[in-house]
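K.L.:
Coordinates for the following, if possible.
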Amino acid sequence: MTKAVISCLEQSVLCWLATASKENYPNVSPKEVFAVYENCSIIIANIASPQSVKNIRTNPKVCLSVIDILIQKGYQLKGNASIVSKNEDGFADMASCLLKLTGGKFPFSEIIRIEVHQSKPIVAPKYVLYPDTTEAAQIASAKKAYGF
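P.N.:
Sure thing, here's the model as predicted:
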């Protein structure tokens, strides 16, 4: 993962994880408790994600999207996910990263770990259609649209 991808992940408060069942039915769900782990993977606390976990156990290919809602830029990350249970090696170290985010308010006994193999930028169409669009203008537009 590049520094730009890591920075985006560290600044974001929400991401979306896409998985697929063994029958290839897609599932996308928001994730709030996630972190970059050892600069090479993403870890997500399994707080209430039974479908995501079930899908990963049968099909480890996933896609994670993260975006700054004001700038309207981010990244799509693809890779393989695994489930790390409480009794497995490495869980405690990963959990300590996530517990800093939750303050212990959201219990979890599993972690979704994603090894990223591909990344590509996500940008709002306005940047493509109107190349003179600045991030400052995009932030002002988003704040107006969202009522900030």
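K.L.:
for the chain, what helix or strand is lowest in average pLDDT?
P.N.:
The weakest-scoring helix or strand in the chain, judged by mean pLDDT, DSSP states H and E, is helix 135-146 (a mean of 87).
K.L.:
Residues touching that helix, excluding its own?
P.N.:
Residues outside helix 135-146 that contact it (Cβ atoms under 8 Å, 6 or more residues apart in numbering): I69, L70, I71, Q72, K73, A124, K126, Y127, F148. Bear in mind the C-beta positions are built from the backbone N, C-alpha and C, glycine included.
K.L.:
Using JSON lines, lay out those residues together with distance to A18 and secondary structure.
P.N.:
Converted to JSON lines, the contacts of helix 135-146 look like this (distance: Cβ to Cβ, whole Å; DSSP: H, G, I helix; E, B strand; the rest coil):
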{"residue": "I69", "distance to A18": "18", "secondary structure": "coil"}
{"residue": "L70", "distance to A18": "23", "secondary structure": "coil"}
{"residue": "I71", "distance to A18": "22", "secondary structure": "coil"}
{"residue": "Q72", "distance to A18": "19", "secondary structure": "coil"}
{"residue": "K73", "distance to A18": "19", "secondary structure": "strand"}
{"residue": "A124", "distance to A18": "20", "secondary structure": "coil"}
{"residue": "K126", "distance to A18": "24", "secondary structure": "helix"}
{"residue": "Y127", "distance to A18": "23", "secondary structure": "helix"}
{"residue": "F148", "distance to A18": "28", "secondary structure": "coil"}
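K.L.:
Between all of these, which two are separated the most?
P.N.:
Greatest spacing in these, by Cβ to Cβ: Y127 and F148 (20.1 Å).
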